[in-house]
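**Q** only geometry, no sequence info:
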């Protein structure tokens, strides 16, 4: 059965559409005999996540709350976060669901949020970077950084560094980044990360940010191995979320019934956060449907991924975030 599962999985990956749609998750669930989460208990574990008020993030938050975790949501809209937490507490019976207000593109706001979280929780066991949007119009953060890069690369990088004291105390801990299969289309280029107003394209900016994310995951994994902090990225496939409906309406109409549900898209994220097997056995991987995946599909992106460019990305993130010592 393992041989059959591997062959089917390889065929799905080659097809892309079969892999990223609900067809892929349904077949892999059956062939790999995915264990359900129903019996897992996370009492005593602290999970901090961004982007948890809708879509995949909300589904993942619901799973963590059901399993008894202490859940902290970082959200830019305080009223929406409060309503989300109240609904989760009522639905799951878990009173330990709270929030802090911060936009992941606002570095000063993230510093305040991290301070609050460190005060509340001496130990953090899981940190999830899920917030992200695809915007057609170029915007900048309060610090003047192009907003897609600020909110999806620089902000999460800073937050990871700021929460390291609690993550070290929560070891074995995990830092998880929700990326996208769109990153396969873009090479790693620090010079091209912040697109100018004249050449800005929201889809390209998003894909470049996601490429930077998966590279930083590998770099963080190396640096944090001695601390017993596992770092992974994953992509959820093509899921029917409010973000897709808002940013990619034509794509949503075309793919339609083949889109994954938010629950299907969130499955691997939840699995990486709670399973004590494969997710803890190695670090720095990129996952889809509970299997590690290659970082490149194109020769052009593989050529760009050099040690020198990786080091440039790390130094750029340190400078932009002002993280300093980590």
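**A** Yep, that arrived. All values derive from a computational prediction rather than experimental measurement. Numbering: from 1, shown residues only.

**Q** Next, count neighbours for the nearest residue to residue 288 once chain neighbours are set aside.
**A** In space, residue 288 comes closest to residue 235 once its chain neighbours are excluded; the distance is 5.5 Å by C-beta to C-beta, 6 or more residues apart in numbering. Heads up, the C-betas are built off the backbone N, CA and C, glycines and all. By other C-beta atoms under 10 Å, 25 other residues sit near residue 235.

**Q** and if you look at the one 10 residues further on?
**A** Residues within reach of residue 245, counting by other C-beta under 10 Å, total 14.

**Q** is it true that it touches residue 252?
**A** Yes. With contact defined as C-beta atoms under 8 Å, residue 245 reaches residue 252; the gap is 5.7 Å.

**Q** who touches the residue lying closest to residue 316 once chain neighbours are set aside in this structure?
**A** If the residues on either side of it in the chain are set aside, residue 316 comes closest to residue 190, at 5.2 Å by C-beta to C-beta, 6+ apart. For residue 190, the contacting residues are 309, 312-313, 316, taking C-beta atoms under 8 Å, 6 or more residues apart in numbering as the criterion.

**Q** Sort out which of the residues you listed are buried, if you could.
**A** Among those, those classed as buried by neighbour count (16 or more other C-beta atoms under 10 Å) are 309, 313, 316.

**Q** May I see the residues you listed organised as a markdown table, with secondary structure added?
**A** Putting these into a markdown table (DSSP: H, G, I helix; E, B strand; the rest coil) gives the following:
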| residue | secondary structure |
| --- | --- |
| 309 | helix |
| 313 | helix |
| 316 | helix |
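
**Q** Three-state assignment for residue 134, please.
**A** The three-state label given to residue 134 by three-state DSSP is coil.

**Q** That one: neighbouring residues, count only.
**A** Neighbours of residue 134 under the rule other C-beta under 10 Å: 19.

**Q** Please verify my assumption that it contacts residue 206.
**A** Yes. Contact criterion C-beta under 8 Å: residue 134 and residue 206 qualify, at 4.5 Å.

**Q** which neighbours do the two share?
**A** Taking C-beta under 8 Å, 6+ apart as the contact rule, the neighbours common to residue 134 and residue 206 are residue 148.

**Q** need the contact list for residue 251.
**A** In this structure, residue 251 makes contact with residue 244, judged by C-beta under 8 Å, 6+ apart.

**Q** in which helix or strand would I find it?
**A** Secondary structure assignment for residue 251, by DSSP states H and E: helix 249-255.

**Q** can you check residue 28 too?
**A** When secondary structure is defined by DSSP H and E, residue 28 falls within helix 22-31.

**Q** so what secondary structure elements neighbour that helix?
**A** Helices and strands touching helix 22-31, as assessed by 3 or more C-beta pairs under 8 Å, 6 or more residues apart in numbering; DSSP states H and E, comprise helix 2-15, helix 262-274.

**Q** I would like the residues contacting the following helix or strand past the shortest one, please.
**A** Spelled out, that is helix 262-274. Tracing the chain C-terminally past helix 262-274 and defining elements by DSSP H and E, one meets helix 278-281 next. Helix 278-281 is contacted from outside by 172, 174, 230, 232, 271-273, 290, using C-beta under 8 Å, 6+ apart.
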